[in-house]
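*Asks:* Just the structure for this:
(chains A and B)
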Number of protein chains: 2
Amino acid sequence: MSTATTFSAINPQTQQPLQGVFAEHSDQDVDLAITAAHEVAKAYRQTSPNIRSQLLQTIADCLEEDRQAIVERANLESALPLARLNGELSRTTAQLRLFADVVEGGLWQEAIFDTANSSREPLPKPDIRRQNIALGPVAVFGASNFPLAFSTAGGDTASALAAGCPVIVKGHPAHPGTSDIVAKCIAKALNIVNLPQAVFALLQGTTHELGQAVVTHPAIKAVGFTGSIHGGRALFDLAQRRQEPIPFYGELGASNPVFILSNRMKSGAKSLAEEYVMSMNMGCGQFCTKPAVVFVAKSTATDEFLAAVREGITAQQGQTMLTAGIRHNYLEQSELRAKQSGLTRTLSSAEQGVPSMLFETTSEKWRSNPQWQEEIFGPQSIVVLCEDDQDMLELSQNLAGSLTATIQAEPNDHPVAAQLLSELEEVAGRIVFNGWPTGVEVSYAMVHGGPYPASTMPASTSVGAEAIKRWLRPVAYQSVPEELLPQALKSTNPLNVRMSVDGK
Amino acid sequence: MSTATTFSAINPQTQQPLQGVFAEHSDQDVDLAITAAHEVAKAYRQTSPNIRSQLLQTIADCLEEDRQAIVERANLESALPLARLNGELSRTTAQLRLFADVVEGGLWQEAIFDTANSSREPLPKPDIRRQNIALGPVAVFGASNFPLAFSTAGGDTASALAAGCPVIVKGHPAHPGTSDIVAKCIAKALNIVNLPQAVFALLQGTTHELGQAVVTHPAIKAVGFTGSIHGGRALFDLAQRRQEPIPFYGELGASNPVFILSNRMKSGAKSLAEEYVMSMNMGCGQFCTKPAVVFVAKSTATDEFLAAVREGITAQQGQTMLTAGIRHNYLEQSELRAKQSGLTRTLSSAEQGVPSMLFETTSEKWRSNPQWQEEIFGPQSIVVLCEDDQDMLELSQNLAGSLTATIQAEPNDHPVAAQLLSELEEVAGRIVFNGWPTGVEVSYAMVHGGPYPASTMPASTSVGAEAIKRWLRPVAYQSVPEELLPQALKSTNPLNVRMSVDGK
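*Replies:* Okay, here's the model as predicted:
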């Protein structure tokens, strides 16, 4: 590929360039990679589920082989601790292996049969069989906050490769070295299982134009994105304004509200405070599931809770944020918020890195300041002090779309919790009970999505087995002879696919 | 509702106003209806599947009671024959009854369970259960060409009511009287099953502003639309530019290509010609599944086929189109196309109504005139004469997205048909074998959709049982106690919902 200019990664701890230079990929590079992906797309979507399962397992194996190099480079590029990155790599390989199981399991094909009935009146009923097929080449945007699990070989790439879509990754410029090592593992795996290299490509660069060129390329059929509402909405808009609009699966932010009901507060003020401080500071508050707002009701237990939270915040060691830009935004937005009337702030000292912050307000002030629902990315959260549980319930009716919503309740809180639950399921993709929203299980039932801006496509999830459906579309085959039917739809069922017949 | 102005239906056969005046609904009417729908949305989505099934069955019963009035009015407003409209009403009630079965069947909830594992390392695995819930109030646009099956109580309304979404129908101004009678049947059914009237509303009017106000109302959570690419794309764009973009399920047109392979042509030139002429003239060519382009290979059998098609076209009686506007567009666009070089035209006489038309061209000319892929709505179609089956196969690689694609083949055509099939499944939502695309089965396996412009959401279908999924989104419940879990997710399974546990 042509290399007009190059760039280096910046160590967020020192602000110095790290070793290694990376090509700033040009529009021509974009076109070459996507055209090559388009050319192999049909052959790739028609590979057997078993081959794609082998590919995913082999990518996981190759990542394990390079574990040390990947994790060390990611640590230099992101300032995230080695232990966390080791865990994230394990999660990444587990995701790849989950999708290997999913693609072999065959539920993703959603095979549905209608039985023919030649004697039906007024017209005979034809034999119709339906399956899902891959959309074609898709684009995946690496996220800064999960340089492994939501980046080059992350969940979007794993689910799209499982579905049968070639993948073009637009790497996040905060961790180009990590992306580069991971992309080489994928290239090696493609080679091992004898699939064309064009099934996967990594495009790198520091400009917005690079992402725009990827999203607007006519051969790209869908996009997966995790990031800010600002950048994500701009790319969403481009995707919708194409001559052929395409599905844009964007996860653009969430406030992840938590409601602590009165009896629960009474029974656990201290431990709730500890868990809250830990959850909001996890990964320097750079989790998309960070609890950015917690609703509590006035009581002596709540006073205890608040005192403990303040103490916990003050005791925080400053952590380094992912990039200088993210750090700048965090400090600027937090200072702006701190100047608004109706909020009090508790700060950690942050001799190094950025300070952790707690804002406190009342339900009355919260009602008149809807802008406080906007997420500030970083170790910061707001506690809203309500008059009572009823006041809290009312506030639950005016929340923006969110990835999660959490209820902390004892059995004697259940009457209120039941009402809260039926409000919160309209707001969030996942309801958490007596836990904290950080930590997203990679499993069959997981939903990581929700009403906008949690997701630009609220009917989808970007984590868990169902994420594969984002890259598929259904096709019906009417009266097609057995020998021409796709493998998954043959009456002999050679792939042993699960099917539904006449609605049963 | 306030009535600023009124309008009347126009009889397309006489161009005279029909009896009855209808309110031009204002922005205020729109807001009142949608706000009322929003207010009942939570209660309606939480009704039991059995109640919603009763509602759908009762709407079907009420339509049957008023069959004669509905069909007679629809005939006056659309000029479609009574026999066709009687069939369409039967299809409409069958659709309602299918969705009554679907909602009681429980597959639509897609219940998925993850089993907890408290001893998992490094972290315990939580109990997570997932179900689909209704999106909230949705808008449905009535289509001119199916005043019953794709209008007020049509497939979109039936599937959305089944899903648990209140429905706001923007009636098509070509058949306001039909819409009015049907809306009264729905109101009566809501009354019989004791559900609030606000679950359904019909908004009528002749301006574009009415539809725009509906699509941009913040309480509307999704839109179903069947119509032209011009009007549909404008509404799609509005839906995507909202502060909260919403799913817009638009079916905007299709050319429904048909490929007749050599041996098939040899064995059935005459009957294929008859079927083709019938299919393209069905409903005056106003079917979204009309075969607008047919690819054939040079042979003496093809000469016979073409002669028979020309003869069949010439013998057509002119039919009346749905509206003066549609008639005007059909004639204007056909005349423009007829003036382009490389096409020959055969016309019926059309003493009344509009003429039926056949265009013929060669594969060479077809390649250099991509604009001929654009559908002209009406009884018109193009035959493309290819050099041989190989030439036909090449043309199949450059087709726009379509609702259907058809292969006519004998067993000894299967080697070519197999290649064609793997091209066409990338183009269409439904592959038809040895049939014609007009006629869409309302069944479990049906797909009525496809790549843009066939659908603005290629992963969806607007006909058949799976159409219910357009109005749903998933929610995961993590560690929620049994007594607070939604009915469909309780371990005791009171609704007898089908579920998948740990991927099995």
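
*Asks:* ok, A:A33 - contacts?
*Replies:* A:M1, A:H25, A:I168, A:A198, A:A201, A:L203 (Cβ atoms under 8 Å, 6 or more residues apart in numbering or on different chains). To be clear about C-beta, it is placed using only N, CA and C from the backbone, and glycine gets the same treatment.

*Asks:* The third one against A:I220, yeah?
*Replies:* Okay, so that is A:I168. Yes - using Cβ atoms under 8 Å, A:I168 is in contact with A:I220, at 7.0 Å.

*Asks:* what residues are shared contacts of the two?
*Replies:* Residues touching both A:I168 and A:I220 (Cβ under 8 Å, 6+ apart): A:I34, A:P137, A:V138, A:A139, A:V214.

*Asks:* Filter these down to just the ones in helices.
*Replies:* When the shared contacts of A:I168 and A:I220 are checked against helices (DSSP state H), the matches are A:I34, A:V214.

*Asks:* can you count the residues close to the nearest residue to A:E425 once chain neighbours are set aside?
*Replies:* Leaving aside its chain neighbours, A:E425 sits nearest to B:V475 (5.0 Å; criterion: Cβ to Cβ, 6 or more residues apart in numbering or on different chains). Close neighbours of B:V475, defined as other Cβ atoms under 10 Å in any protein chain shown, add up to 24.

*Asks:* Close to chain B: what parts of the stretch 301-450 of chain A are there?
*Replies:* Taking Cβ under 8 Å from any Cβ of the partner chain as the contact definition, the stretch 301-450 of chain A meets chain B at A:401, A:411, A:414, A:417-418, A:421-422, A:425-426, A:428-435, A:439, A:441, A:443-447, A:449-450.

*Asks:* Just the buried subset of the residues you listed, please.
*Replies:* Burial by neighbour count, 16 or more other Cβ atoms under 10 Å in any protein chain shown: within these this picks out A:401, A:414, A:417, A:421-422, A:425-426, A:428-435, A:441, A:443-447, A:449-450.

*Asks:* quick revisit: quick one: strands adjacent to the helix or strand where the residue nearest to A:E425 lies?
*Replies:* In this assignment (DSSP states H and E), B:V475 forms part of strand B:472-478. Here strand B:472-478 has these sheet partners by DSSP bridges: strand A:428-433 (parallel), strand B:128-134 (antiparallel).

*Asks:* Using CSV, list the CA coordinates for that strand.
*Replies:* The C-alpha trace of strand B:472-478 is given here as CSV (Å, rounded to 0.1, in the frame of the first residue of the first chain):
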residue,chain,number,x,y,z
LEU,B,472,-39.1,-5.1,18.9
ARG,B,473,-35.9,-4.7,20.7
PRO,B,474,-34.1,-7.0,23.1
VAL,B,475,-33.6,-6.4,26.9
ALA,B,476,-31.4,-8.4,29.2
TYR,B,477,-32.3,-8.9,32.8
GLN,B,478,-29.2,-9.7,35.0
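
*Asks:* which residues in the stretch 101-250 of chain A form strands?
*Replies:* A:111-114, A:128-134, A:138-141, A:167-170, A:200-203, A:223-226, A:248-251 (DSSP state E, counting those that start in this stretch).

*Asks:* And those strands: which comes nearest B:I192?
*Replies:* strand A:111-114 (31.6 Å; Cβ to Cβ).

*Asks:* Could you export the closest one as CSV, keeping only the C-alpha atoms?
*Replies:* Extracted C-alpha coordinates of strand A:111-114, given in CSV (Å, rounded to 0.1, in the frame of the first residue of the first chain):
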residue,chain,number,x,y,z
ALA,A,111,-33.7,-21.6,9.0
ILE,A,112,-37.4,-21.5,8.6
PHE,A,113,-39.5,-23.8,6.3
ASP,A,114,-43.0,-23.5,4.9
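
*Asks:* can you list the residues of the stretch 51-200 of chain A near chain B?
*Replies:* Within the stretch 51-200 of chain A, the residues that sit near chain B (Cβ under 8 Å from any Cβ) are A:87, A:101-102, A:105, A:107, A:112-114, A:122-123, A:125-126, A:128-130, A:133, A:135-136.

*Asks:* if you set the cut-off to 6 Å instead, what comes out?
*Replies:* Counting by Cβ under 6 Å from any Cβ of the partner chain, the stretch 51-200 of chain A comes close to chain B at A:I112, A:F113, A:D114, A:I128, A:R129, A:R130.

*Asks:* so which of these would you say is closest to B:N50?
*Replies:* Distances from B:N50 to those, taken by Cβ to Cβ, are shortest for A:I112, at 23.9 Å.

*Asks:* pLDDT score for the closest one?
*Replies:* If you check A:I112, the pLDDT there is 94.

*Asks:* Ok, A:P494 next?
*Replies:* Reported pLDDT for A:P494: 87.

*Asks:* For B:T461, see how far away the closest residue to it other than its chain neighbours is.
*Replies:* Once flanking residues are discounted, A:P494 sits nearest to A:Q487: 5.8 Å by Cβ to Cβ, 6+ apart. With distances taken as Cβ to Cβ, to the nearest Å, A:Q487 is found 22 Å from B:T461.

*Asks:* When these two are compared, which one has more neighbours?
*Replies:* B:T461 (32 against 15).

*Asks:* What are the boundaries of the helices in the stretch 1-150 of chain A?
*Replies:* In the stretch 1-150 of chain A, the helices defined using DSSP state H, counting those that start in this stretch lie at A:27-45, A:49-65, A:67-78, A:82-105.

*Asks:* Same question for the shortest one: list its buried residues.
*Replies:* In other words, helix A:67-78. Going by 16+ other Cβ under 10 Å, helix A:67-78 has these buried residues: A:I70, A:V71, A:R73, A:A74, A:N75, A:L76, A:E77, A:S78.

*Asks:* How about stretch A:52-70?
*Replies:* The neighbour-count criterion (16+ other Cβ under 10 Å) identifies A:52-63, A:66, A:70 as the buried residues of stretch A:52-70.

*Asks:* Please tabulate those in a markdown table and include distance to A:T157 as additional columns.
*Replies:* Shown next, in a markdown table, are the buried residues of stretch A:52-70 (distance: Cβ to Cβ, whole Å):
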| residue | distance to A:T157 |
| --- | --- |
| A:R52 | 12 |
| A:S53 | 15 |
| A:Q54 | 16 |
| A:L55 | 11 |
| A:L56 | 10 |
| A:Q57 | 14 |
| A:T58 | 14 |
| A:I59 | 9 |
| A:A60 | 12 |
| A:D61 | 16 |
| A:C62 | 13 |
| A:L63 | 12 |
| A:D66 | 16 |
| A:I70 | 15 |
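
*Asks:* Straight-line length of stretch A:63-83, end to end?
*Replies:* Length of stretch A:63-83, first residue to last, Cα to Cα, to the nearest Å: 16 Å.

*Asks:* what stretches of the stretch 401-504 of chain A score poorly on pLDDT?
*Replies:* Nowhere does the stretch 401-504 of chain A drop to pLDDT under 70.

*Asks:* which residues of it fall in helices?
*Replies:* So, for the stretch 401-504 of chain A - with DSSP H, counting those that start in this stretch - the helices run A:414-424.

*Asks:* Tell me which residue of the stretch 201-350 of chain A lies closest to chain B.
*Replies:* With Cβ to the nearest Cβ, the shortest gap between the stretch 201-350 of chain A and chain B falls at A:Q240, namely 4.1 Å.

*Asks:* Next, count neighbours for the nearest residue to that residue once chain neighbours are set aside.
*Replies:* Counting by Cβ to Cβ, 6+ apart, A:Q240 lies nearest to B:Q240, which is 4.1 Å off, once chain neighbours are set aside. B:Q240 has 20 neighbouring residues, counting by other Cβ under 10 Å.

*Asks:* picking up where we left off before, now list the buried members of the contacts of A:A33.
*Replies:* Buried among the contacts of A:A33 (16+ other Cβ under 10 Å): A:H25, A:I168, A:A198, A:A201, A:L203.

*Asks:* Identify, from those residues, the entry nearest to B:Y330.
*Replies:* Among those, and counting by Cβ to Cβ, the member closest to B:Y330 is A:I168, at 42.1 Å.

*Asks:* Cool, thanks, signing off.
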